[in-house]
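Asks: Everything below, folded, please.
(2 chains)
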Protein chains: 2
Amino acid sequence: METLEQTKSRFADHVKLLQDKITQKLRDIDPELQLTEDIWERLDYEGNPGGGGRTRAFSGNIIENAGVNTSLVHGAVSDAFAKQIGGTDNTMWATGISLIIHPRNPRVPTSHANFRMIQAGDKYWFGGGADLTPYYPHVEDFQYFHDIWKNACEPYGHYDKWKKTCDEYFVNKHRDNEMRGVGGIFYDHYNSGDLEVDYNMFTNISESFIESYFPILEKRRDEAFTEDDEDFQLHRRGRYVEFNLLHDRGTHFGLKSNGRTDSILISLPGRCKFSYAYKPKAGSVHEEMMQYYFPRDW
Amino acid sequence: METLEQTKSRFADHVKLLQDKITQKLRDIDPELQLTEDIWERLDYEGNPGGGGRTRAFSGNIIENAGVNTSLVHGAVSDAFAKQIGGTDNTMWATGISLIIHPRNPRVPTSHANFRMIQAGDKYWFGGGADLTPYYPHVEDFQYFHDIWKNACEPYGHYDKWKKTCDEYFVNKHRDNEMRGVGGIFYDHYNSGDLEVDYNMFTNISESFIESYFPILEKRRDEAFTEDDEDFQLHRRGRYVEFNLLHDRGTHFGLKSNGRTDSILISLPGRCKFSYAYKPKAGSVHEEMMQYYFPRDW
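Replies: This next block holds a predicted model:
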């Protein structure tokens, strides 16, 4: 049987491989895509080497901006931090992939995903998920995205709960509980007690990202769009910014723990708009879209 | 001698009059300016009528977007809220003006100000300030802005301290302590013990906003600008959004206390940009501008 250390190492390799696969898919789709890769290192709470990461930032024509990041961090943490993450001592270890894709065309949804394995003291767990933020009511795309994640999670009996957790998490409470997008799956602190089973489940599930999103991107990338479509997209991206900066625990956690700011805020869209008391035009397809930013069965 | 109730009522009238004066200045400057006025009411913590406000949202050609808001709120508050604001019982009363002006031309600075009077239990105080966020190194404008506020505050002996408080407040800690703009003045919880003196000082100081900002707006409004100027402006506006959503106590306080979201987030710029690891072009006037986003003597 594999040791915990061996599994951690395999998970770290897994997320880096997934990063490479998604990088390749993005390059295939957008020949103009510029990639900036930053390899960074960090110090732990006591000032000792504490791992680092590989940040990949993209900008292009089809893809306005995207980030596909991995990191592997470890070492001493503060008492407050140990308490916050529920650790049994003042050490932690974490590896994961976090990605965001903001296409330029407003008929193509934005997508976000992350998958991670964390150890704090002698406890460890897996977490992550994927969610879709569309700007146009191509309802069949929303159904497709959820279907893929349902197929990925249902064999383990987790779809219903993880879908619900996602619906509850990506919410702008200050905007009458509007969701950031149309949801997906999200879960945290998962540990069934069987490391091998959990590892296989999480790596399998994470592999579904490419299938869940890229067919939508390829199908819609050249779809004609209007100025109104773009105006709605840019305002909804504004709401995306509001969620990430006001509510996202990962963003706050990263910034408060002296994470690498540029890697964390890579999640923000290239362009966005804010207008006082913004509402889509009455009777428009964008007004129709608004109903999908609330939980529903998929 | 005037009672506290009479002074509170006079301060409420003062901020409404100032709102009207600033509204008129904006209209004089931008004939295309559209004004949306929303009169709103709120309930207090116990569900009783708790005052309300007058929100004025502007959008036009010279002024891309602006908000000039007043409110007068009162009534019961939660224990937690009373504790947070240092009240002596579970009641509060507050009135003030809060304003933001985002001109379209990147050669014209953004400006923000607020002035307020607050009572919590049997304690009361004044607070507020004004700050400038320029995007182009028209250094004489920064000096002018600070000179006006220096002239306003120095007779009371407050300029040095209030300038410093401002420099320390509008800071993006997560961006290597870069300031949002070039500062101004800011102060809170002011009560000298002499209500009449404090009232006269704060109303006098607040009157300086028009003189501090509108001459800069008029001087620069028609100045030719480049695409690079606008790109820098939109990225710095992105940092403005980061400050307001990640760090601004007033924004968090307003949203957490069930304030009116649209009136609070009126502070955000109409358009903005985010790019991974953004830096102005080497050797550009915008790179030169960066040095002013740190405290200096004015």
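Asks: Tell me where chain A has strands.
Replies: A:34-43, A:49-59, A:63-76, A:91-103, A:110-120, A:123-133, A:171-172, A:178-179, A:183-190, A:271-273 (DSSP state E).
Asks: The third one versus strand A:110-120: what angle between them?
Replies: In other words, strand A:63-76. In terms of direction (axes from the mean of the first three to the mean of the last three CA atoms, to 10 degrees), strand A:63-76 departs from strand A:110-120 by 10 degrees.
Asks: elements contacting the helix ranked longest in chain A?
Replies: In chain A, with assignment by DSSP state H, the single longest helix is helix A:4-29. Applying 3 or more CB pairs under 8 Å, 6 or more residues apart in numbering or on different chains; DSSP states H and E, we find helix A:4-29 packed against strand A:49-59, strand A:63-76, strand A:91-103, strand A:110-120, helix A:195-206, helix A:208-220. The C-beta positions use only the backbone N, C-alpha and C, and glycine is treated the same way.
Asks: Give me the buried positions along that helix.
Replies: Buried residues in helix A:4-29, counted by 16 or more other CB atoms under 10 Å in any protein chain shown: A:7-8, A:11-12, A:14-15, A:18-19, A:22-23, A:25-26, A:29.
Asks: Can you tell me the closest non-neighbouring residue to the most centrally placed residue in chain A?
Replies: Centroid check for chain A by CA atoms, centre = their mean gives residue A:113 as the closest residue, at 2.6 Å. The spatially closest residue to residue A:113, leaving aside those adjacent along the chain, is residue A:130, at 3.8 Å (CB to CB, 6 or more residues apart in numbering or on different chains).
Asks: With residue A:277 instead?
Replies: residue B:262 (4.5 Å).
Asks: And residue A:268, by the same measure?
Replies: residue B:274 (3.9 Å).
Asks: Tell me how many other residues crowd the one you found.
Replies: 24 (other CB atoms under 10 Å in any protein chain shown).
Asks: before we move on, the earlier item: didn't the residue nearest to residue A:277 look like it was pressed against residue B:55?
Replies: Yes: if you go by CB atoms under 8 Å, residue B:262 and residue B:55 touch, sitting 7.3 Å apart.
Asks: Quick one: residues contacting the residue in the stretch 51-200 of chain A that chain B sits nearest to.
Replies: Nearest residue of the stretch 51-200 of chain A to chain B: residue A:57, at 3.6 Å (CB to the nearest CB). Contacts for residue A:57 were tallied using CB atoms under 8 Å, 6 or more residues apart in numbering or on different chains; they are A:35, A:36, A:37, A:38, A:65, A:66, A:67, A:266, B:276, B:277.
Asks: Buried only: go through the residues you listed for me.
Replies: Of the contacts of residue A:57, these count as buried by 16+ other CB under 10 Å: A:38, A:65, A:66, A:67, A:266, B:276.
Asks: can I assume the fourth one is in contact with residue A:269?
Replies: Spelled out, that is residue A:67. No: with contacts counted by CB under 8 Å, residue A:67 stays clear of residue A:269, the gap being 11.0 Å.
Asks: one step back: would you turn the buried ones among the contacts of residue A:57 into TSV with pLDDT?
Replies: Below are those laid out as TSV (pLDDT from 0 to 100):
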residue	pLDDT
A:38	98
A:65	98
A:66	98
A:67	98
A:266	98
B:276	98
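Asks: Columns distance to residue B:162 on top of the residues you listed, output as CSV?
Replies: Formatted as CSV, the buried ones among the contacts of residue A:57 follow (distance: CB to CB, whole Å):
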residue, distance to residue B:162
A:38, 40
A:65, 39
A:66, 44
A:67, 40
A:266, 37
B:276, 36
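Asks: What is the nearest of those to residue A:83?
Replies: residue A:266 (28.4 Å; CB to CB).
Asks: returning to that earlier point: to residue A:206, which of the strands of chain A lies closest?
Replies: Closest among the strands of chain A, using CB to CB: strand A:110-120, at 4.1 Å.
Asks: quick one, that closest one and helix A:208-220 angle?
Replies: 170 degrees.
Asks: can you tell me the average pLDDT over stretch A:89-98?
Replies: For stretch A:89-98, mean pLDDT is 93.
Asks: Could you pull out the buried residues of it?
Replies: A:90, A:91, A:92, A:93, A:94, A:95, A:96, A:97, A:98.
Asks: what bridges to the fifth one?
Replies: Beta-bridge pairing of residue A:94, defined through DSSP bridges, involves residue A:73, residue A:118.
Asks: residue contacts, it?
Replies: A:71, A:72, A:73, A:74, A:116, A:117, A:118, A:119.
Asks: Could you save these as a markdown table and add columns showing pLDDT and distance to residue B:195?
Replies: What follows is the contacts of residue A:94, written out as a markdown table (pLDDT from 0 to 100; distance: CB to CB, whole Å):
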| residue | pLDDT | distance to residue B:195 |
| --- | --- | --- |
| A:71 | 95 | 56 |
| A:72 | 95 | 60 |
| A:73 | 93 | 55 |
| A:74 | 93 | 58 |
| A:116 | 96 | 56 |
| A:117 | 96 | 61 |
| A:118 | 94 | 55 |
| A:119 | 94 | 59 |
